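Asker: with the sequence up front, the predicted model follows.
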Amino acid sequence: MQPNENYTISRRALDVEDYIDILRRHKGWIFGPFLFTLVVSVVGAYTWPDTYISKGIIKVEPQQVPENLVQSAGTHDMGDRINSMLEAIESRSTLTEIITSNSLYLKERSRLPLDDVIDEMKKKIQIDMMGQTTNRQVPAFTVSFSYPDRHQAQKVVTDLIGRFLSANTQAQSNQTYQTTAFMKDEADTAQKELDAIESRLAAYKMENNGRLPEQTAENYQKMTALETMQTNLESQINRYQNEKLTYVANLNIFKTQADAMEKIKPETGTVAAQQQQKSVKLQKAEAEVEALTNQLQQLRQHFQESYPDVKNAKASLESAESKRDKIIADEKAEADAKKDVVTGKPPVAPAVIKEAADRDATIARYNAQIAQDDTQIEQLTAQMKNVSREIQVLNGRIDSVPQSEKEYEDLKRERDIKNQEYEDMKKNLGKAQIQQEMENRQEGEKLEILDGANLPETAAYPNHPLVVAVGAGIGLMLGIVIAGAREMKDTSLKNLKDVRAYTQMAILGSIPLLENDFVVRRRRRLAWLGWTTACLTAVVLMSGSIVYYISTKQ
């Protein structure tokens with residue numbers, strides 16, 4: 001037994017006549033799928049319920065007041081706000097109310113859960129933005145709803161538009177109210193915080209009065225004034241002390257004279273009075289010398305020899321000593337001239353009594369002056385103590401300034417920050433109140449109906465011609481594919497061209513296929529009967545579906 005040999009021969013190129021022969025051989029396989037899909041598409045297109053789409057247009061009316069005067073209360077662009085409102089409108093409760101009030105989806109509700117019906121309705125609601133601009137504002141948008149009943153679709157769109165308008169008004173009102181309430185709470189909080197800082201700052205100022213950094217210059221000025229006052233008080237005290245020393249020295253002189261006069265006997269009173277009368281000038285000069293000597297000693301204890309008061313005291317002392325020496329010389333010469341010729345004694349002076357009275361008055365005046373100087377010195381000393389205490393207090397304040405400066409500056413900085421926050425909150429509160437007033441007057445951004453919900457006249461889908469054409473095209477393509485597949489599978493020789501191409505032999509003649517006429521006619525009759533029945537059935541089905549569509553539409 002010999003092995004089979006497989007030969008692969010490429011097919012010859014087909015021409016137009018070949019394609020015509022292929023169509024003639026497989027016309028049933030091409031027309032059959034075409035007819036079937038045509039019938040299916042016509043029946044399906046005209047038995048599929050029509051869906052109507054009702055549309056309404058809502059325009060966005062901008063606020064009437066210019067935004068450079070009053071800023072809009074909206075914080076988001078209109079597209080986001082519309083989506084937010086759509087989420088609220090498409091909530092389960094809202095859609096349930098719409099479905100129930102308009103008696104929608106009766107068949108679906110009888111066989112499906114309500115949540116599935118709501119999900120189906122959400123798919124039928126469509127929001128389309130119109131004319132979005134560069135500033136992200138939406139001048140208008142459409143609200144559409146698809147439903148088999150066009151009147152119900154119109155009612156639902158009208159309801160949705162009304163809900164959009166009310167939702168926008170409520171959202172704007174709530175937003176302005178909440179913004180105003182929030183800004184008021186923030187302003188009140190900022191004011192309380194500012195008042196607390198002000199109280200702390202006031203308490204700090206009261207506690208550290210005089211030690212504040214801003215009072216440093218004032219403290220230095222007070223310090224300078226107090227030091228000047230202290231110097232003046234020291235000078236006055238020194239002047240009154242020197243004056244007191246002078247009065248004390250003179251008083252001692254007059255007291256010495258008075259004591260001497262009391263020791264003189266009555267019988268020698270005239271002589272003693274005369275001697276006293278002769279030595280009064282001398283005693284005054286000596287008392288003045290003694291007083292100036294004491295004053296110079298006091299000045300030398302406090303000042304140097306170059307101090308002007310010391311120089312003046314030395315000059316006064318030298319002048320007083322010269323005057324005393326001259327008085328001594330004059331009295332001696334006068335005493336020698338007035339001696340009695342017989343007794344050699346001076347005569348009795350007539351003004352002894354008057355001189356004693358003057359001396360007593362002078363002593364009293366000196367005592368009064370000394371008491372007055374003591375009082376002045378005591379007062380000035382008390383003032384000196386007060387000034388010294390004040391100087392010590394100011395020194396303590398000035399020394400404590402660096403320790404409290406940081407805390408004080410921190411309080412002031414915190415006060416300034418809180419004050420700025422409070423002013424900002426007041427401005428924002430004012431803006432929010434103006435926005436709320438604008439919304440109350442319906443002068444802000446709002447939604448208005450540009451075109452109400454229309455009543456659709458024609459169904460949006462299905463598109464009957466398009467469905468039929470697509471179905472017929474699919475059937476035709478399917479038939480051609482089946483015919484091509486059968487032709488590719490059939491490897492028999494169909495005509496003389498195939499014989500010449502595949503056998504490479506010269507063909508002298510051909511014998512046609514001889515069949516029984518009865519069998520041929522019978523086959524043709526069956527084919528015509530089958531195709532006629534199929535075509536009639538197809539026509540009846542398509543006509544019935546069209547009649548059903550027309551009757552249900554009426």
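Answerer: Cool, the structure landed.
Asker: mind listing the helices for the protein?
Answerer: Along the chain, counting by DSSP state H, helices occupy 16-25, 27-47, 78-89, 92-102, 106-111, 114-124, 150-207, 216-263, 269-302, 308-337, 352-440, 464-489, 496-503, 517-553.
Asker: show me the biggest strand of this protein in terms of residues.
Answerer: Taking DSSP state E as the criterion, the chain has its longest strand at strand 52-61.
Asker: helix 78-89 and that one, what's the angle between them?
Answerer: Angle, strand 52-61 to helix 78-89, by axes from the mean of the first three to the mean of the last three C-alpha atoms, to 10 degrees: 130 degrees.
Asker: re the thing from before, can you list the helices of the chain in JSON lines and add mean neighbour count, distance to L447 and mean pLDDT?
Answerer: Using the backbone N, CA and C atoms, a C-beta is placed for each residue, glycine as well. Output for these, formatted as JSON lines (neighbours: other C-beta atoms under 10 Å; distance: least, C-beta to C-beta, whole Å; pLDDT from 0 to 100):
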{"stretch": "helix 16-25", "mean neighbour count": "12", "distance to L447": "63", "mean pLDDT": "81"}
{"stretch": "helix 27-47", "mean neighbour count": "19", "distance to L447": "39", "mean pLDDT": "87"}
{"stretch": "helix 78-89", "mean neighbour count": "16", "distance to L447": "9", "mean pLDDT": "80"}
{"stretch": "helix 92-102", "mean neighbour count": "15", "distance to L447": "17", "mean pLDDT": "90"}
{"stretch": "helix 106-111", "mean neighbour count": "10", "distance to L447": "31", "mean pLDDT": "88"}
{"stretch": "helix 114-124", "mean neighbour count": "15", "distance to L447": "21", "mean pLDDT": "90"}
{"stretch": "helix 150-207", "mean neighbour count": "16", "distance to L447": "5", "mean pLDDT": "83"}
{"stretch": "helix 216-263", "mean neighbour count": "15", "distance to L447": "65", "mean pLDDT": "76"}
{"stretch": "helix 269-302", "mean neighbour count": "17", "distance to L447": "99", "mean pLDDT": "67"}
{"stretch": "helix 308-337", "mean neighbour count": "14", "distance to L447": "100", "mean pLDDT": "76"}
{"stretch": "helix 352-440", "mean neighbour count": "15", "distance to L447": "13", "mean pLDDT": "76"}
{"stretch": "helix 464-489", "mean neighbour count": "15", "distance to L447": "36", "mean pLDDT": "88"}
{"stretch": "helix 496-503", "mean neighbour count": "14", "distance to L447": "76", "mean pLDDT": "70"}
{"stretch": "helix 517-553", "mean neighbour count": "12", "distance to L447": "35", "mean pLDDT": "85"}
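Asker: figure out which of these is closest to E457.
Answerer: helix 150-207 (7.9 Å; C-beta to C-beta).
Asker: still on that earlier bit, among the helices of the chain, which is nearest P139?
Answerer: helix 78-89 (8.6 Å).
Asker: which helices and strands does the closest one pack with?
Answerer: On a contact count with 3 or more C-beta pairs under 8 Å, 6 or more residues apart in numbering; DSSP states H and E, helix 78-89 meets strand 125-130, helix 150-207.
Asker: for T256, which non-adjacent residue is closest in space?
Answerer: Sequence neighbours aside, Q283 is the residue nearest to T256 in space, at 7.5 Å (criterion: C-beta to C-beta, 6 or more residues apart in numbering).
Asker: next one: E305
Answerer: K311 (7.7 Å).
Asker: again, but for P148
Answerer: Closest to P148 by C-beta to C-beta, 6+ apart is P49, at 4.8 Å.
Asker: same question for W48.
Answerer: P462 (5.1 Å).
Asker: now the one you found: phi and psi?
Answerer: The phi/psi pair for P462 (degrees, to the nearest 10) reads phi -80, psi 150.
Asker: distance of it from P49?
Answerer: Distance of P462 to P49, computed by C-beta to C-beta, to the nearest Å: 9 Å.
Asker: ok so, going back, make sure the residue nearest to T256 is actually in contact with N250.
Answerer: No. Assessed by C-beta atoms under 8 Å, Q283 is found out of contact with N250, at 10.2 Å.
Asker: ok, E290 touching N250?
Answerer: No. E290 lies out of contact with N250 (C-beta under 8 Å); the separation is 9.1 Å.
Asker: in a markdown table, list the helices of the chain along with distance to G452.
Answerer: As requested, these are exported to a markdown table (distance: least, C-beta to C-beta, whole Å):
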| stretch | distance to G452 |
| --- | --- |
| helix 16-25 | 57 |
| helix 27-47 | 31 |
| helix 78-89 | 17 |
| helix 92-102 | 17 |
| helix 106-111 | 26 |
| helix 114-124 | 19 |
| helix 150-207 | 7 |
| helix 216-263 | 78 |
| helix 269-302 | 112 |
| helix 308-337 | 113 |
| helix 352-440 | 25 |
| helix 464-489 | 29 |
| helix 496-503 | 72 |
| helix 517-553 | 25 |
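Asker: these: which one's closest to A453?
Answerer: Evaluated over the helices of the chain, closeness to A453 peaks at helix 150-207, with 3.6 Å, by C-beta to C-beta.
Asker: and the closest one, what other elements does it pack with?
Answerer: Using 3+ C-beta pairs under 8 Å, 6+ apart, helix 150-207 sits against strand 52-61, helix 78-89, helix 92-102, strand 140-147, helix 352-440, strand 446-451.
Asker: please redo it, this time with the cut-off set to 10 Å
Answerer: strand 52-61, helix 78-89, helix 92-102, helix 114-124, strand 125-130, strand 140-147, helix 352-440, strand 446-451 (3 or more C-beta pairs under 10 Å, 6 or more residues apart in numbering; DSSP states H and E).
Asker: is it possible to export those to JSON lines including distance to G544?
Answerer: Output for those, formatted as JSON lines (distance: least, C-beta to C-beta, whole Å):
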{"stretch": "strand 52-61", "distance to G544": "24"}
{"stretch": "helix 78-89", "distance to G544": "42"}
{"stretch": "helix 92-102", "distance to G544": "32"}
{"stretch": "helix 114-124", "distance to G544": "29"}
{"stretch": "strand 125-130", "distance to G544": "34"}
{"stretch": "strand 140-147", "distance to G544": "26"}
{"stretch": "helix 352-440", "distance to G544": "61"}
{"stretch": "strand 446-451", "distance to G544": "40"}
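Asker: between the ones you listed, which one is nearest to Q301?
Answerer: Short answer: helix 352-440, nearest of the helices and strands packed on helix 150-207 by C-beta to C-beta, at 16.5 Å.
Asker: tell me the angle that closest one makes with strand 446-451.
Answerer: 20 degrees.
Asker: and helix 352-440, how far out from the chain middle?
Answerer: Here the centre of helix 352-440 is set off from its chain's centre by 42 Å, with C-alpha atoms, centre = their mean, to the nearest Å.
Asker: likewise for stretch 11-19?
Answerer: Worked out by C-alpha atoms, centre = their mean, stretch 11-19 lies 85 Å from the chain centre.
Asker: how about stretch 492-503?
Answerer: So, by C-alpha atoms, centre = their mean, the centroid of stretch 492-503 is 94 Å from its chain's centroid.
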